[in-house]
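> Predicted model and sequence below, questions to follow.
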Amino acid sequence: MTVLLPPPVPVEPATLGATLFDAVLFDRDGTLVHDVPYNGDPALVRPIHGAKEALDRLRAAGLRIGVVTNQSGLARGRLGPADLAAVNTRIEELLGPFDTWQICPHDEGAGCRCRKPAPGMVLDAAAALGTRAERCVVIGDIGRDIVAAEAAGATSVLVPTRETLLTEIDSAPCVVSTIGEAADLVLRRQRFLVEQDRAPTPPRRRSVLVVRPDSAGDVLVTGPAIRAVAAGAAHVVMLCGPRGRAAAEVLPGVDELIEWRLPWIDPQPGLVDRAQIEAMVDRIAATGAQEAVVFTSFHQSALPLALVLRMAGIGRISAISDDYPGALLDVRHRVPPGIPEAERALSLAAAAGFTAPAGDDLRLRIEVPPVSREGHVIVHPGTSVPARACPAEVYVRIVADLTAAGYRVLVTGGPDETALTRTVAGTSGVDLGGRTSFAGLAALVAGAGCLIAGNTGPAHLAAAVGTPVVSLFAPTVPFGQWAPFRVPVVRLGDATAPCRDSRAAVCPVLGHPCLSTVEPRAVVDAVRTLVGEPA
């Protein structure tokens, strides 16, 4: 999805609290310089138009800059180390210095950890720069750059060329047209976390109501924004729905919970009842909150609840709204499409005057007892939305192939999914369907080497406990917005399927082609990428 944002606003580093990114890593050939196969001649180096200016803007913003490049010409004898060094020296003469060069000298058959699409160079570059992969952006021109970034947990931006495959463009979380646009995007996403000049910001508030009334996954992706609010408030009350309560109970920064089913949000709503609305008004008023920040997904409206909050006497209300809010909002924030949901929520918190404190890693996070990594693999076949579910027969083959490869596989699911988990586990997996609470599932996922799941709550739970995810992602909603946030991910599934961006709850295409075509062997390979060989 192409992301369009307003022009960047310069930000002095001293004004920043928490920041998303420390470093930007570039592919070399086709991204920074025109691709000359196996080039060992400095005279043939030609920078991509706009590369120098883009790099200078990133350096001026305090971001460290690195290169991650496959150079199989070394292994094939097409150039020598001195030739490569001479070319890279010429690139620095034209484009300025880089803080790290990570070079894979191997060819495709070496099976190394560094050659993209493997994540090794991204991880090594982050370490060399004194940061972590999730605090890096990788900018490249082909699919292997994007896959390597995601498998390391980094943010990725694709700048296509004539060599880029259409399937690579469709699969990428973020696509822009030029290297200059890529640099602008990085700087704008940083800017979104800084307090916005949308409305006068009052001093530190005594009590603030935060709202995220839908599912557990939605609540989890709002967690970093709620921590930002908590940093500027003495008391945080959270209004959540029944489907999100278990997640809300373990979010850092929440002091008090109100559970209410909102008929304009819940997927199985009852009738709007005047007595229930009046009771909700009274309950909200009883919290004593002076203001509210209403977090919604990109397809939801905050205005019905804003009216209820006004009736409850809330004096200052902030929300994202493309619709004209009249007198219902004091801070009307707007976010362009394509921004990850967690960043979208963080930007609203900033617009309301709640900047995440310096030192916050901005990852999803929950409060769970520490557990040790045991290395098992979890398969979670159920989803809250049927269109996002991989067929059970595919999962059966996935579990069989994983166990045959030596991995210990646990199959999880809710109480209403026990028939599914029993089928998927078969005779080789361990069926835990209906046997774990939310906290119990969190502990299992925290101890896992990785989770295999569709676009559903447990994928975001994995991100909240730092567990890598093999994402069997139906393209009904944009991957760039709903991918597990700031955690290593391998995406599988047909991103070009006809259901793309349909937001369908039930698959509209015969045969469910986006996920029925997932190859179990590809899942095993993805697990190896994220976890390594079984113990």
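That came in fine, so what should we check first?
> ok now do residue 248, which residues does it touch?
212, 219, 238, 240, 254, 257 (CB atoms under 8 Å, 6 or more residues apart in numbering). In short, each C-beta sits where N, CA and C put it, glycine included.
> go on, residue 84?
By CB under 8 Å, 6+ apart, the contact set of residue 84 is 40, 71, 73-74, 103.
> What residues sit buried inside the strand or helix carrying it?
Using DSSP states H and E, residue 84 sits within helix 81-95. Buried residues in helix 81-95, counted by 16 or more other CB atoms under 10 Å: 83-84, 86-88, 90-91, 95.
> same thing with stretch 254-269?
Buried, per 16+ other CB under 10 Å, within stretch 254-269: 254, 258-262, 265-266.
> Also stretch 281-292?
Those would be 281, 284, 287, 289-292, for stretch 281-292 by 16+ other CB under 10 Å.
> Can you classify residue 460 by secondary structure?
helix (DSSP: H, G, I helix; E, B strand; the rest coil).
> so how far is residue 382 from it?
Distance, residue 460 to residue 382, by CB to CB, to the nearest Å: 14 Å.
> Ok, residue 513 next?
Residue 513 sits 20 Å away from residue 382, going by CB to CB.
> So those two - more neighbours on which side?
Neighbour tally, residue 513 and residue 382, criterion other CB atoms under 10 Å: the higher count belongs to residue 382, 24 against 15.
> The closest residue to residue 122 other than its chain neighbours: how many residues sit nearby?
Excluding the flanking residues, the one nearest residue 122 by CB to CB, 6 or more residues apart in numbering is residue 152, at 3.8 Å. Neighbourhood size, residue 152 [other CB under 10 Å]: 29.
> these two touch, right, residue 152 and residue 123?
Yes. Applying CB atoms under 8 Å, one finds residue 152 in contact with residue 123, separated by 5.2 Å.
> Identify the contacts common to these two.
The contact lists of residue 152 and residue 123 share residue 133, where a contact means CB under 8 Å, 6+ apart.
> Now secondary structure, pLDDT and distance to residue 164 too, for the buried residues of stretch 281-292, in a markdown table please.
Below are the buried residues of stretch 281-292 laid out as a markdown table (DSSP: H, G, I helix; E, B strand; the rest coil; pLDDT from 0 to 100; distance: CB to CB, whole Å):
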| residue | secondary structure | pLDDT | distance to residue 164 |
| --- | --- | --- | --- |
| 281 | helix | 96 | 54 |
| 284 | helix | 96 | 50 |
| 287 | coil | 95 | 52 |
| 289 | coil | 95 | 49 |
| 290 | coil | 91 | 51 |
| 291 | strand | 95 | 46 |
| 292 | strand | 97 | 44 |
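> Show me the shaky parts of the stretch 51-200 of the chain.
195-200 (pLDDT under 70).
> Which parts of it are strands?
64-70, 100-104, 136-140, 155-158 (DSSP state E, counting those that start in this stretch).
> So residue 158 is in contact with residue 172, correct?
Yes. If you go by CB under 8 Å, residue 158 and residue 172 touch, sitting 4.0 Å apart.
> And residue 237, its phi and psi?
Per-residue torsions, residue 237: phi -100, psi 130 (degrees, to the nearest 10).
> Oh, that last question was meant for residue 256, not what I typed.
Per degrees, to the nearest 10, the backbone of residue 256 is at phi -150, psi 140.
> What number of residues are in the vicinity of the spatially closest residue to it that is not a sequence neighbour?
In space, and not counting its chain neighbours, residue 256 is closest to residue 237: 4.5 Å by CB to CB, 6+ apart. Using other CB under 10 Å, residue 237 has 21 neighbouring residues.
> what does residue 47 give?
Quick note: residue 47 (other CB under 10 Å) scores 16 neighbours.
> Can you tell me how far it is from residue 92?
Taken as CB to CB, the span from residue 47 to residue 92 is 11 Å.
> same thing with residue 167?
Residue 167 is 34 Å from residue 92, by CB to CB.
> and the helix holding residue 84 with strand 64-70, angle?
With axes from the mean of the first three to the mean of the last three CA atoms, to 10 degrees applied, the angle from helix 81-95 to strand 64-70 works out at 140 degrees.
> Run the angle between helix 81-95 and strand 100-104 for me.
140 degrees.
> before we move on, the earlier item: who's more crowded, residue 158 and residue 172?
A direct count of neighbours by other CB under 10 Å for residue 158 and residue 172 places residue 172 higher, at 28 against 25.
> ok, the more buried one - contacts?
Counted by CB under 8 Å, 6+ apart, residue 172 has contacts 143, 146, 156, 158, 480.
> Just among these, which is most surrounded?
residue 146 (28 neighbours).
> All the strands of the stretch 251-400 of the chain, residue numbers only.
256-259, 291-294, 316-320, 331-333, 377-380.
> JSON lines for those, including distance to residue 506?
JSON lines is the format used below for the strands of the stretch 251-400 of the chain (distance: least, CB to CB, whole Å):
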{"stretch": "strand 256-259", "distance to residue 506": "28"}
{"stretch": "strand 291-294", "distance to residue 506": "29"}
{"stretch": "strand 316-320", "distance to residue 506": "27"}
{"stretch": "strand 331-333", "distance to residue 506": "32"}
{"stretch": "strand 377-380", "distance to residue 506": "20"}
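> mind checking which of those is nearest residue 208?
Proximity to residue 208 (CB to CB) singles out strand 291-294 among the strands of the stretch 251-400 of the chain, at 5.6 Å.
> So which residues lie in contact with that closest one, not counting its own?
In contact with strand 291-294 (CB under 8 Å, 6+ apart) are residues 202, 205, 208-211, 225, 229, 302, 305-306, 309, 314-319, 330, 348-349, 352, 354.
> That strand pairs with which strands, parallel or anti?
According to DSSP bridges, strand 291-294 forms sheet pairs with strand 205-212 (parallel), strand 316-320 (parallel).
> so how far is stretch 369-383 from its chain's centroid?
19 Å (CA atoms, centre = their mean, to the nearest Å).
> quick thing: my sequence starts at 450, can you match it?
Shifting the count to begin at 450 puts that one at stretch 818-832.
> Average pLDDT for it, rounded please.
Taken as a whole, stretch 818-832 has an average pLDDT of 91.
> can you list the residues that contact that stretch?
838-839, 841, 844, 847-848, 851, 856-863, 866, 869-870, 873, 878, 892-905, 907, 976, 980, 983-984.
> Sitting in helices, which of those residues do you find?
841, 844, 847-848, 851, 869-870, 873, 892-895, 907, 976, 980 (DSSP state H).
> Which residues belonging to stretch 544-552 are considered buried?
Buried residues in stretch 544-552 (16+ other CB under 10 Å): 544, 547-552.
> same check, this time on stretch 573-584
573-575, 578, 581-584.
> Contacts for that stretch, please.
Contacts of stretch 573-584 (CB under 8 Å, 6+ apart): 469-472, 474, 513, 515, 517, 548-549, 551, 563, 568, 571-572, 585, 601-604, 810, 812, 935-937.
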